[in-house]
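> Provided below for reference: sequence and predicted model.
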Amino acid sequence: VDVHISLDGAGDRTDRIYRQLQDAILDGRLRPGERLPPTRELAQRLAVSRNTVAAAYDRLTGEGFLVGRVGAGTFVGAAIERPSRPRSAPAGTSVQPRAIWASVVPFTAPPTAGARYDFRVGVPDVSLFPLDSWRRRLAHAASRASLGRGEYAGPGGDPTLTRAIARHIGVSRSVRASGSDVLVTHGAQQALDLIGRVLVEPGMTVATEEPGYPPARQLFRTHGAHVAAVPVDREGLVVGALPETARLIYTTPSHQFPLGMSMSLARRSALLDWADRNGAVIIEDDYDTEFRFGHRPLEPLQSLDRSGRVIYVGTFAKTMFPGVRLGFLVAPESLRTALRRAKQLTDWYGDPFAQQALAGFIDDGDLSRHLRRANRVYAARHEQVIASLEQEAADLLEVVPSAAGLHVCARLREPRRVDVARAIAAASPHGVRVIQLADYCSRPPDRDGLVIGYGMITVDRIHAGLLELVGALRHAG
Ligand SMILES: Cc1ncc(COP(=O)(O)O)c(C=O)c1O
């Protein structure tokens, strides 16, 4: 390996080479079995005599840090007792981030170890995903031919992909868009970030749903927004409760996150009217409704919008898998140039290989086939969660009606009768992993509950898992 050694300054050179190599071995930068440069080569590089380097190597060899193999070279010894001495950056307290970052909390998922009944939210079942097809497409995309001349690309995303996405969301969600309207992003989260960069002025009011999606809320705060939590009822976001000052509204109308209801048509019209009257922009986050169980969902806000106020955001994190980090937005014409420039300033244009692979995956029908198959699986799980809750906990929990997505929300029938956090903690040793509704609230909710994901649990385990959970809830009552 090409190890970095500095001989600037004074002191015995052999000693300094010795110490720097020893340091690198102890903190793990040089790993057991790695080959060191020959003494002649290192001596040349450091502009010292070969003996200076050889003496350092000899000392390290004598102490067991290095081993010489005749004819092969010098290697880091295999059996070195390594004190745990991770190399970390200097602590330093004189430089600090902006104050806002002290209040940004990471959203931690429940531990996966020992999860027998995994009801985590927002994660699809990766075992359903056609990985062979995806792998072939990625390998093909990473060929010399697709590399072209290796130049930087434009910020909008691979044109074959933007056309494929436009067709796909046109058919499956009746979003009105052509390829040039689509901007490919690193997941929905980057789409929200770009929108924040382009629209949020410091101090501007951004309305988000309560309960709602914490990463969106926190993101807009870091852009300097004042984030207002607006309640939702059974028809979705309560338009009458929007603060007059809101100029950006983040909403999940097709499958409210995390409660799960769909925004009624009357509410959709009222929201569009409100935005029009108040000069606000609406972000429609349609994160998981390609999984739906029942009749066709209502038209998205984007296709009902007549005055160019809606930005539609989508993701492949659920329809494929979260690690793919591919999402997109469709914005009104008036915002398009700025959003593309923001994308370019942020990361130029994302991963061209994954984008090409996805274009073929959509165009050849693999995505639709996968969605049809996965839909049947999730429909059965969705039905089982509801049936089990109704059978075992109808007196305790009210299931929020929903017909899409990868989770169901169940709220306590009586406010504060049960300590939900205690019940979740009690169910955890039995292998139950689930998230509390309060975790998605910016203030304690009147009626707490559970958000029950079924992406990670097979249908045959759902009833037993919910039995454990309901038992723990009754105990915590
Ligand atoms: C409301 C909501 N929006 C968006 C996403 C997906 O974001 P991303 O594409 O950044 O993974 C999620 C994932 O859990 C979500 O719950």
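The structure has been received and is ready for your questions.
> residues near F119, how many?
F119 has 27 neighbours, counted by other C-beta atoms under 10 Å. To be clear about C-beta, it is placed using only N, CA and C from the backbone, and glycine gets the same treatment.
> can you pull the contacts of the closest residue to it other than its chain neighbours?
Distances taken as C-beta to C-beta, 6 or more residues apart in numbering place V434 nearest to F119, at 4.2 Å, with adjacent residues excluded. Counting by C-beta atoms under 8 Å, 6 or more residues apart in numbering, V434 makes contact with 110, 119-120, 424, 427, 450-453, 469.
> again, only using 10 Å
110, 115, 117-121, 420, 423-424, 427-428, 450-453, 465-466, 468-469, 472 (C-beta atoms under 10 Å, 6 or more residues apart in numbering).
> Tell me which of the residues you listed fall in helices.
420, 423-424, 427, 465-466, 468-469, 472 (DSSP state H).
> Get me the contact residues on the stretch 1-150 of the chain for the ligand.
Proximity of the stretch 1-150 of the chain to the ligand (C-beta under 6 Å from any ligand atom) is limited to residues G122.
> backbone phi and psi for V184, please?
phi -80, psi 140 (degrees, to the nearest 10).
> Count residues in the vicinity of the closest residue to it other than its chain neighbours, would you?
Nearest residue to V184, sequence neighbours excluded (C-beta to C-beta, 6+ apart): G157, at 2.7 Å. Residues near G157, counting by other C-beta under 10 Å, number 25.
> Sticking with G157, tell me its helix or strand.
Under DSSP states H and E, no helix or strand contains G157.
> list the contacts for it?
Per C-beta under 10 Å, 6+ apart, neighbours of G157: 165, 179, 182-185, 326, 328, 340, 343, 349-350, 352, 355, 358-359.
> any idea how far V104 is from it?
Going from G157 to V104 by C-beta to C-beta, to the nearest Å gives 28 Å.
> follow-up on the earlier one: filter the contacts of G157 down to the ones in strands?
Of the contacts of G157, the ones assigned to strands by DSSP state E are 182-185, 328.
> among those residues, which two are most distant?
Taking C-beta to C-beta, the two most distant members of the ones in strands among the contacts of G157 are V182 and T185; they sit 9.8 Å apart.
> Overlap in contacts, the two.
Counting by C-beta under 10 Å, 6+ apart, the residues touching both V182 and T185 are 157, 314, 328-329.
> how many other residues sit next to R50?
14.
> before we move on, what about P32?
P32: 14 surrounding residues under other C-beta under 10 Å.
> Go ahead and confirm it touches A78.
Yes - the pair P32 / A78 is scored as a contact, 4.6 Å apart, by C-beta atoms under 10 Å.
> Tell me the residues that contact both of the two, please.
What both P32 and A78 touch, as defined by C-beta under 10 Å, 6+ apart, is the set V67.
> What mean pLDDT does the helix or strand encompassing S368 get?
Secondary structure from DSSP H and E places S368 in helix 366-393. Taken as a whole, helix 366-393 has an average pLDDT of 97.
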